[in-house]
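Enquirer: No letters, just coordinates:
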């Protein structure tokens, strides 16, 4: 049982990984999953206010419930020109 977690752009730089898998025990929603990574990588905290969250390739609110086998992506805002 696991949840696949994807980090994009600057979040991947902060964590040093583009993806990982975690056990869902104790993780009720997308926000709690992100919080678990904030504890390991405190620099992520500054990104929380502007993050986009996706669960199984659909954008969701941070309070979206998690289920075993989910894929969750954390996406910082992107600008271009």
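Expert: Perfect, I can see it now. Being a predicted model, the structure only gives us computed values, none of them experimental.
Enquirer: From now on I want contacts and neighbour counts done on CA atoms only, so please keep to that.
Expert: Noted.
Enquirer: After the longest helix anywhere in the chain, which helix or strand is next?
Expert: If you go by DSSP state H, the chain has its longest helix at helix 30-40. Per DSSP states H and E, the first helix or strand lying C-terminal to helix 30-40 is strand 52-55.
Enquirer: Now tell me what touches that next one from outside.
Expert: 30, 59-62, 70-77 (Cα atoms under 8 Å, 6 or more residues apart in numbering).
Enquirer: what residues does the longest helix of the chain touch?
Expert: 27, 44, 45, 53, 61, 62, 63, 64, 65, 66, 72.
Enquirer: How far off centre is it?
Expert: Distance of helix 30-40 from the chain centroid (Cα atoms, centre = their mean, to the nearest Å) equals 7 Å.
Enquirer: now swap in stretch 10-23 and tell me
Expert: Centroid separation between stretch 10-23 and its chain, computed with Cα atoms, centre = their mean, is 8 Å.
Enquirer: Tell me the buried residues in that stretch?
Expert: Residues of stretch 10-23 classed as buried: 11, 15 (neighbour count, 16 or more other Cα atoms under 10 Å).
Enquirer: Which positions in the longest helix of the chain come out as buried?
Expert: Within helix 30-40, the residues scored as buried using 16+ other Cα under 10 Å are 30, 31, 32, 33, 34, 35, 38.
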